[in-house]
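*Asks:* need coordinates for the following:
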Amino acid sequence: MKCCRPSMFGAGLLLVSLLALPVAAFDQPAVNLGFTSFMDGGPPAGPGFYFAEYIQYYTADELVDGPPFDPELDVWISLSQFIYQSDRPILFGGKWGLDVIVPVVSFDAVSLLDDNGTGVGDILVGPYLQWDPIMGANGPKFMHRVELQTIWPTGKYDDDKGLNPGNNHFSFNPYWAGTYFFTPKLTASWRVHYLWNDENDDTEVQPGQAVHCNFAASYELIPKKLRAGVNGYYLKQVTDSEVDGEEVSGREQVLGIGPGAMYSFSQNDHLFFNAYFETSVKNRPEGDRFQVRWVHHF
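*Replies:* The predicted model follows:
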């Protein structure tokens, strides 16, 4: 169900790498960490227009491998996602679609870092191809999608602030998402991204490239109504960041995992609940995420 159905978001855009510090680490942009989960490989109700709203709360009180102080960081993230899924195949049977996500971020930080308050974040735009489900004897077996997601530097940004809704640089963040049905009730879903970042012209910092993914497994408890299971995300930076063209050490990493559920009011309306608790963290905040997401097909 793309992140919107679900998405990415992104994000799932988007998260969220929340610190945009002008230093070696803590510089990855806001991306889809945990915004999407169950049934991510295809739309819940076929072609048409979709709208999804995400509300995510992130809290952290530790900067792993970071400056020698402990922050009190609370962030509220709202993502409004607009999707059009066509019924027209254009390449290898894939049907084209367009995904647009508008984030709003609100910081409440008690630390040595000044935050830039509440504002619109960087807008995500992604054309994609969605393939029809591969069917088995008892229903769908596999469905998947490829999206060329882009993140544009449209968000609120001030290089004198340590915490900003926007990142002030372009990113290319394509992904492949899929859902596999072990049985009609038991499924596994994933979304695998590759992240390339341009340079922030104000700070001359170019964050390193990274891979990140969301993953989830669910079991249908109430037919066509309720699924529950485990969901998670993982990010690993694979190249060093650069400051003024020089490589610097401090690659980011995080694993988040926790429980989740999906309730379907009908084929056109779905509500998701997700929780994530972070571990295996390097060079970034370590905290917890809690999210509610509503998906509607018009």
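*Asks:* measure residue 252 to residue 228 for me?
*Replies:* Look at residue 252 and residue 228: by Cβ to Cβ, to the nearest Å, they are 31 Å apart. Bear in mind the C-beta positions are built from the backbone N, C-alpha and C, glycine included.
*Asks:* who has more neighbours out of the two?
*Replies:* Shown here are residue 252 and residue 228; by other Cβ atoms under 10 Å, residue 252 has more neighbours (25 against 16).
*Asks:* tell me the contacts of the more buried one?
*Replies:* 17, 25-26, 28, 210, 235-237, 282-284 (Cβ atoms under 8 Å, 6 or more residues apart in numbering).
*Asks:* next, give me the two most distant ones among those residues.
*Replies:* Between any two of those, the greatest separation by Cβ to Cβ is 15.0 Å, found for 26 and 236.
*Asks:* pick out whichever of these two has more residues nearby.
*Replies:* Taking neighbours as other Cβ under 10 Å, residue 26 and residue 236 compare with residue 26 leading, 25 against 15.
*Asks:* go ahead and confirm that one touches residue 282.
*Replies:* No: contact criterion Cβ atoms under 8 Å: residue 26 and residue 282 do not qualify, at 10.6 Å.
*Asks:* got a pLDDT number for the residue lying closest to residue 244 once chain neighbours are set aside?
*Replies:* Nearest residue to residue 244, sequence neighbours excluded (Cβ to Cβ, 6 or more residues apart in numbering): residue 204, at 4.5 Å. According to the prediction, residue 204 has pLDDT 92.
*Asks:* longest single strand anywhere in this structure?
*Replies:* Looking across the chain with DSSP state E, the single longest strand is strand 72-91.
*Asks:* from the contact counts, what lies against that strand?
*Replies:* Under the contact criterion of 3 or more Cβ pairs under 8 Å, 6 or more residues apart in numbering; DSSP states H and E, strand 72-91 touches strand 48-64, strand 94-110, strand 124-130.
*Asks:* okay, and the spatially most central residue of the chain sits in which element?
*Replies:* Closest residue to the average C-alpha location of the chain: residue 32 at 1.2 Å, with Cα atoms, centre = their mean. Under the criterion DSSP states H and E, no helix or strand holds residue 32.
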